[in-house]
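J.: okay, here's the prediction I keep looking at, along with the sequence it came from:
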Amino acid sequence: MIVLLSLGTNKGNRERNIRRALCLLNIALGKRWKAVSDIINTKAAGFDGPDFLNCVAAYDLRLAPDALLRRCKRIERLMGRRDAPEYAPDGNRIYHDRVIDIDILLYGDERIDTPLLKIPHPQLESRPFFGELIAQVRQELDTTE
């Protein structure tokens, strides 16, 4: 099943953070990504902060979504991410600078809605750059298959 992950960072050496996270994902998932989009610069969304570098990576996996989530969170912690999700009194998420953020955007055609995991990713539609990066990855997948 093709799984699409987003990687984003706005702290430290951003390009090195993305490259390191991709390497760690390859190790944690036991395989190399099948396609990776360009790495693009975007404005921080949902808070005032430095710009982010973002990309999308596609993996062909036979791993349960919750197990994939645990591996992504483990990599975030390994790379120095310490903030736990924080919410305002109105229930909206409060965002902060991040050394790395790895999100599951799509897990094949599956829809998942649990307290810990929502797929498709809830911000997929509200962040237009996701669409551009996903289109790049899908085009790369089409040319390699």
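T.: Cool, got the structure.

J.: could you list the low-pLDDT ranges of the protein?
T.: Residue ranges of the chain with pLDDT under 70: 84, 145.

J.: can you pull out the helices in it?
T.: For the chain, the helices defined by DSSP state H occupy 14-29, 65-78, 128-144.

J.: compare those helices and give me the one nearest Val3.
T.: Val3 lies closest to helix 65-78 among the helices of the chain, at 6.7 Å (CB to CB). Backbone N, C-alpha and C define where each C-beta goes, glycine included.

J.: export stretch 46-59 as PDB, just CAs?
T.: Provided in PDB are the C-alpha atoms of stretch 46-59 (Å, rounded to 0.1, in the frame of the first residue of the first chain):
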ATOM      1  CA  GLY A  46      -1.100  28.300  12.600                       C
ATOM      2  CA  PHE A  47       1.500  30.400  14.400                       C
ATOM      3  CA  ASP A  48       4.200  33.100  14.000                       C
ATOM      4  CA  GLY A  49       7.500  31.400  13.400                       C
ATOM      5  CA  PRO A  50      10.400  30.900  11.000                       C
ATOM      6  CA  ASP A  51       9.700  29.500   7.600                       C
ATOM      7  CA  PHE A  52       9.500  25.700   7.200                       C
ATOM      8  CA  LEU A  53      11.100  23.400   4.700                       C
ATOM      9  CA  ASN A  54       8.600  20.700   3.600                       C
ATOM     10  CA  CYS A  55       8.500  17.600   1.400                       C
ATOM     11  CA  VAL A  56       6.400  14.500   0.900                       C
ATOM     12  CA  ALA A  57       7.700  11.000   0.700                       C
ATOM     13  CA  ALA A  58       6.000   7.900  -0.600                       C
ATOM     14  CA  TYR A  59       6.600   4.400   0.900                       C
END
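
J.: please point out which parts of it sit buried.
T.: Phe52, Leu53, Asn54, Cys55, Val56, Ala57, Ala58, Tyr59 (16 or more other CB atoms under 10 Å).

J.: nearest to Pro115, out of the helices of the chain?
T.: helix 65-78 (11.5 Å).

J.: what's next to that closest one, contact-wise?
T.: The contact list for helix 65-78 (CB atoms under 8 Å, 6 or more residues apart in numbering) reads 3, 5, 21, 24-25, 28-29, 61, 63, 99-104, 107, 110, 112, 116-117, 119.
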